[in-house]
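>>> any chance you could fold what I've pasted below:
(chains A and B)
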Amino acid sequence: ETGVTQTPRHLVMGMTNKKSLKCEQHLGHNAMYWYKQSAKKPLELMFVYNFKEQTENNSVPSRFSPECPNSSHLFLHLHTLQPEDSALYLCASSQEPSGIASTDTQYFGPGTRLTVL
Amino acid sequence: EDKVVQSPLSLVVHEGDTVTLNCSYEVTNFRSLLWYKQEKKAPTFLFMLTSSGIEKKSGRLSSILDKKELFSILNITATQTGDSAVYLCAPAMNYGGATNKLIFGTGTLLAVQP
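Numbering: from 1, shown residues only, chains lettered A, B, ... in the order given. The predicted structure follows:
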């Protein structure tokens, strides 16, 4: 499945580092999402971008900073993370407009496994 | 508060068995319900259900939604070891003027033994 790609696939960083996660979708979608998946917890929505505009941030700490330069690319900038931020970070995309149930399907990338030391 | 409960949490079966996975939900502004399969990394899409009582099928997998009782089931017949995965249920909801929002359950871990 190459519809949604993410890099890097694995990342180990110290608490003082700054790094970025990248997501790219090749499906022609116009909405993109960041999710966090911690062990034994449901996927948690972090950010939503619809037509490049952020429409949801779900009370995510400011040490996570998203960027969506166009409808195909999404970044998650990381700085001064904590060990509890170690998780699988998943990117997804879907086709809007909102309000039409037939477009609800979100397609996921393979994720970035992040470890914060 | 929006809530999704999947049961059982985990299940071990033998190849050839039939399994039923359950998902109950309480979600405001419900729009549809999606099922995903997650093996190692990316959840892969299985079904999207919008109407009650209409079964969707894909090979050995099928699913149905009951919008009155607020639950869905995912059936897998003649299970194979390749069916081993976490199965995620995710109702989709309208969220103000934003895109759709999926609320995920913790999933059911299915292990199919040879």
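>>> could you check the pLDDT of residue 109?
I'll assume chain A. Residue A:109 carries a pLDDT value of 95.
>>> if you could check chain B rather than the one you did, that'd help
For residue B:109, the predicted pLDDT is 96.
>>> so the residue nearest to it when sequence neighbours are not counted versus residue B:84, what's the distance?
In space, and not counting its chain neighbours, residue B:109 is closest to residue B:10: 4.1 Å by CB to CB, 6 or more residues apart in numbering or on different chains. In short, each C-beta sits where N, CA and C put it, glycine included. Relative to residue B:84, residue B:10 is positioned 11 Å away (CB to CB, to the nearest Å).
>>> which element follows the helix-or-strand element of chain B with minimal mean pLDDT toward the C-terminus?
Sorting the helices and strands of chain B by mean pLDDT, DSSP states H and E puts strand B:101-102 at the bottom, at a mean of 86. Using DSSP states H and E, the helix or strand that follows strand B:101-102 in sequence is strand B:108-113.
>>> and the contacts of that next one?
Residues from elsewhere that reach strand B:108-113 (CB atoms under 8 Å, 6 or more residues apart in numbering or on different chains): B:6-15, B:17, B:19, B:21-22, B:76, B:79-87.
>>> can you rerun that using 7 Å?
Around strand B:108-113, the neighbours that count as contacts under CB atoms under 7 Å, 6 or more residues apart in numbering or on different chains are B:6, B:8-15, B:19, B:21, B:79-81, B:83-87.
>>> list the buried residues in it.
For strand B:108-113, the neighbour count (16 or more other CB atoms under 10 Å in any protein chain shown) marks B:108, B:109, B:110, B:112 as buried.
>>> chain center to the least confident helix or strand of chain B: distance?
How far strand B:101-102 lies from its chain's middle: 14 Å, per CA atoms, centre = their mean, to the nearest Å.
>>> ok, is that strand in contact with chain A or not?
Yes: for strand B:101-102 and chain A, the contact criterion (CB under 7 Å from any CB of the partner chain) is met by B:101, B:102.
>>> so where's the chain uncertain?
I went with chain A, as the question did not name one. A:1, A:97-102 (pLDDT under 70).
>>> ah, no, chain B please
For chain B, the ranges with pLDDT under 70 are B:95-99.
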